[in-house]
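Q: pasting a predicted model and its sequence here:
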Amino acid sequence: MTKIGRRNFLKKTSLSAASLYMASNVACATEKENQASGGSYMGDFAAPKLDIIRIALIGVGARGSGHAKQLASIEGTEIVAIADVYEDLVDRSVNNCIAVGKGRHQNIARYFGAEGEWRKMLAEVKPDAVFIATNWNNHAPMAIETMKQGAHAFVEVPIAVTLQEMWDIVDTSEQTQKHCMMMENVNYGREELLYLNLCRQGKIGEILHAEAAYIHELRFQMEEQERGTGSWRTPHYAKRNGNLYPTHGLGPVAQYMNLGRGDDQFNTLVSFSTPARGRQAYAEKNYAPDHKWNALDYKGGDLNTSIVKTQLGRTIMIQWDETSPRPYSRHNLVQGTNGTLAGFPTRVAFEGGVEGATDSHYRWAQGDQLKALYEQYEHPMYKRLGALATKMGGHGGMDFMMLYRAVECLRTGTPLDQNVYEGCLWSSVAPLSEASVAQGGMPQKFPDFTRKQWQETKPLAIVS
């Protein structure tokens, strides 16, 4: 057998094994739809009011440290414990919380060192809510144990890595009657909130199509080799081939379209990846031949494109690329029978034109031309919190607004803006795309994490 022939044979047989493995996992996870959790549906769940929310955090590195400081600044919170593997990160966040907390956070328990310290923290401190910002593989186990210990779980994106983990999260949330919210911060961006309001007001008519993406060149994170995001994300890029990070673009457009909330639901997905070139080339250029990054076999394509078909026949294109040298974009496009809203840059087109800006849909209204549109359709929640959120920061204020809303909902006993099923549905694009890519683009059926109860859930309201 020639070298080329042998290589192609091995590639084909390994792909066949991968596709069979992925197909088996997807099928097993989908069977859960017919197995009741033994709990109650959480679609519009409102937990009992908490006047003061006793908060613990697990993971206070790049993301968690920001969450800790911002949560400590919000009225009605008490930071009671912080856990991380690294003592210096715990100390930094404890000091930050004390500094901004106006005397509310004086007795913060510190947990560090061994991997299991977070479990000890949950058992000993018994917080009301836990904010989890760790590596992806830990999200599901930590969220599940948090709920079992009697606390609400707030988890960084994605909510979990596998479909089975997502089902376990749903079942635990229903059984314990505790929230598990994936912290999709982009849903709180100014543009995204404006577009949500425009969609709810019917300005673009019947929604037919959307586009979502996470285009963010992050090869520099490979410098984080012992600690930090790159130390654990880089092996994901090497071993997995699909859209590994779909929710930043998908979350907002899914809520524009009321997916999983009464109107429509995800149905099937097809997915394709480009060849894997960029990460290997970057490693070869920047690291010694015997460096651990050069020992990896990079299988994940540089760019993944997935297409979702909903039950009503609407479409969503989702793209992911953290490797290629190109400007940042989330696309954020939603198209209807009467117009289109698009992002990066913010642009609007209505049939007949945008009043005071354009006279037809052949030209975008953008920049200063959108001032009147913002004045008329700015989301009322942004009007209330936008200035404070911008001052407090975190991706232009969207992080702070997300955390503020989580605290506000817990204190008022109202449903969260994002429920557990949405976090699982949006995150499920990753394993489904991996299965589709492994099977040459074959369609994958979305699990219905709501077990056919999604039609009972109200569309996300325009909260003031």
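A: Now that the structure is in, tell me what you want to look at.

Q: so where do the helices sit in the stretch 251-400 of the chain?
A: 278-286, 371-377, 380-392, 398-412 (DSSP state H, counting those that start in this stretch).

Q: deepest-packed of those helices, please.
A: Per residue and on average, the most neighbours among the helices of the stretch 251-400 of the chain fall to helix 398-412, with a mean of 22 (mean count of other Cβ atoms under 10 Å). From N, CA and C alone the C-beta is placed, and that goes for glycine too.

Q: how is this structure partitioned into domains?
A: 53-182, 187-456 (automatic domain parsing).

Q: ends of the longest one, how far apart?
A: This means domain 187-456. The straight-line separation of the ends of domain 187-456 (Cα to Cα, to the nearest Å) is 22 Å.

Q: thinking again about what came up before, and the domains of the chain, which is most packed in?
A: The highest mean neighbour count among those, using mean count of other Cβ under 10 Å, belongs to domain 53-182: a mean of 21.

Q: low-confidence ranges in the chain?
A: Across the chain, residues meeting the criterion (pLDDT under 70) sit at 1-30.

Q: the same query, at a cut-off of 50, please.
A: When residues are selected by pLDDT under 50, those of the chain lie in 1-4, 6-7, 9-10.

Q: let me have the domains of the chain in CSV, extended by distance to residue 464.
A: What follows is the domains of the chain, written out as CSV (distance: least, Cβ to Cβ, whole Å):
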stretch, distance to residue 464
domain 53-182, 19
domain 187-456, 4
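
Q: and of the ones you listed, who's closest to residue 39?
A: Across these, residue 39 has its closest neighbour in domain 53-182 (3.0 Å, Cβ to Cβ).

Q: how far off centre is the closest one?
A: How far domain 53-182 lies from its chain's middle: 17 Å, per Cα atoms, centre = their mean, to the nearest Å.

Q: please apply the same query to stretch 34-49.
A: Per Cα atoms, centre = their mean, the centroid offset for stretch 34-49 relative to its chain is 21 Å.

Q: likewise stretch 397-404?
A: Remark: stretch 397-404 is offset 14 Å from the chain centroid, using Cα atoms, centre = their mean.

Q: among the domains of the chain, which is nearest residue 36?
A: When these are compared by Cβ to Cβ, domain 187-456 sits nearest residue 36, at 7.3 Å.

Q: residue 181 - that's part of a strand, no?
A: Yes - per DSSP: H, G, I helix; E, B strand; the rest coil, residue 181 lies within a strand segment.

Q: next up, the contacts around it.
A: Contacts for residue 181 (Cβ atoms under 8 Å, 6 or more residues apart in numbering) come out as 152-155, 406, 416, 418-420, 423.

Q: roughly how far apart are residue 401 and residue 353?
A: For residue 401, the distance to residue 353 equals 32 Å [Cβ to Cβ, to the nearest Å].

Q: show me what contacts residue 423?
A: With the criterion set at Cβ under 8 Å, 6+ apart, residue 423 makes contact with 155, 159, 169, 180-182, 184, 247.
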